[in-house]
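Participant: next input, structure requested:
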Amino acid sequence: MRIGELAAVVGVTTRAVRHYHHLGLLPEPERRSNGYRDYTLRHAVLLARIRRLTELGLGLAEVRDVLAEDAGKDLVEVLTELDEDLARQEEAIRERRTRLRALLESEGEVQAEGPVSAELAALFRDMGDLGGSPMAAKDREILALIEATAPEEERGRLVGVLTGALSTPEAVERAADAYALLDALAEAEPDDPRVEEAARQLAACVPAGLVPEGAGITGEETGGHGSFLRAFFADFPPAQAEAIRRALRIVQEGQDQREEGVGRG
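Facilitator: Residues are numbered from 1 along each chain as shown. Modelled structure (predicted):
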């Protein structure tokens with residue numbers, strides 16, 4: 001048989017046959033006087049076995065082990081490991097589908113920032129579009145990022161704090177006002193007098209506990225936290241970044257004052 005005939009019989013491509021030759025999985029056949037490879041039935045049997053093993057999910061390195069001299073023992077061992085791995089994948093897929101169904105059923109409409117947890121999706125729905133504010137949209141993206149990267153217990157705490165802080169129409173209205181002030185700073189300079197007003201309005205919306213006590217907030221800190229904050233502030237125009245930085249400072253100073261009051265009491 002020629003290489004094309006062998007490939008057609010087994011149901012693979014000629015490129016695959018050449019690749020198996022290159023890897024040493026399929027021995028090279030004798031060549032005819034005209035230089036063409038002359039494949040035998042034995043080549044077809046071996047090639048069909050390689051195809052079956054790869055269709056089961058074995059990598060080519062594992063196929064090579066199976067085709068070794070002690071193939072009987074290796075085949076049982078490799079197939080057992082493959083079965084266990086497929087069972088783990090099957091369970092992971094079931095869990096993912098369960099989460100997807102929960103998201104679809106709880107949200108009705110998948111959020112633009114999604115997929116996010118059902119709790120964060122509910123918070124986004126309660127917030128509404130806040131007048132189509134670009135700052136609000138960016139805030140939602142950042143919250144989705146934090147939820148995706150924070151430890152599980154911290155994610156739950158943050159979403160709980162935010163949900164409590166935005167639980168009333170008045171709170172949502174205050175947040176909308178803060179976003180509007182920040183949106184107005186998109187083309188402003190950091191020393192614009194409106195920066196202080198926006199910072200104070202934003203600080204009034206930030207719930208206690210959202211900014212960890214003693215956490216760096218300037219972006220000048222070393223390490224991963226400082227790098228993240230520098231990237232965070234760099235994503236905003238200068239005046240908006242300054243307003244957010246000042247707001248975080250106001251919140252942190254308020255927390256420090258409360259702690260001092262508790263200590264004196």
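Participant: how near is Ala178 to Pro151?
Facilitator: Ala178 is 28 Å from Pro151, where distance means C-beta to C-beta, to the nearest Å. For glycine as for every other residue, the C-beta is placed from the backbone atoms N, C-alpha and C.
Participant: who has more neighbours out of the two?
Facilitator: Per other C-beta atoms under 10 Å, whichever of Ala178 and Pro151 has more neighbours is Ala178, with 27 against 8.
Participant: using CSV, list the CA coordinates for the helix or strand encompassing that one.
Facilitator: Assigned by DSSP states H and E, Ala178 falls within helix 169-183. The C-alpha atoms that make up helix 169-183 are tabulated as CSV, following Å, rounded to 0.1, in the frame of the first residue of the first chain:
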residue,chain,number,x,y,z
PRO,A,169,-32.7,53.9,46.8
GLU,A,170,-31.1,56.9,48.6
ALA,A,171,-27.7,55.1,48.7
VAL,A,172,-27.9,54.3,45.0
GLU,A,173,-28.7,57.9,44.3
ARG,A,174,-25.7,59.1,46.3
ALA,A,175,-23.5,56.7,44.3
ALA,A,176,-25.0,58.1,41.1
ASP,A,177,-24.1,61.6,42.2
ALA,A,178,-20.5,60.6,43.0
TYR,A,179,-20.1,58.9,39.7
ALA,A,180,-21.4,62.0,37.9
LEU,A,181,-18.9,64.2,39.7
LEU,A,182,-16.1,61.8,38.8
ASP,A,183,-17.3,61.6,35.1
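Participant: check which helices and strands whatever helix or strand comes next after that helix sits against.
Facilitator: Taking DSSP H and E as the definition, the helix or strand that follows helix 169-183 towards the C-terminus is helix 194-205. Counting contacts by 3 or more C-beta pairs under 8 Å, 6 or more residues apart in numbering; DSSP states H and E, helix 194-205 is packed against helix 169-183, helix 238-264.
Participant: so the shortest one versus helix 194-205, what angle?
Facilitator: Between helix 169-183 and helix 194-205, the angle formed by their directions is 150 degrees, by axes from the mean of the first three to the mean of the last three C-alpha atoms, to 10 degrees.
Participant: pull out the buried positions in helix 169-183.
Facilitator: Buried positions in helix 169-183, judged by neighbour count with 16 or more other C-beta atoms under 10 Å: 171-172, 174-183.
Participant: which other residues reach that helix?
Facilitator: Residues outside helix 169-183 that contact it (C-beta atoms under 8 Å, 6 or more residues apart in numbering): 126-128, 130-131, 133-136, 139, 165-166, 194, 197-198, 201-202, 204-205, 240, 243-244.
Participant: helix, strand or coil: sort out the residue lying closest to Leu86 once chain neighbours are set aside for me.
Facilitator: Here the nearest residue to Leu86 in space, its sequence neighbours aside, is Gly57; by C-beta to C-beta, 6 or more residues apart in numbering that works out to 6.7 Å. Recorded secondary structure, Gly57: coil (DSSP: H, G, I helix; E, B strand; the rest coil).
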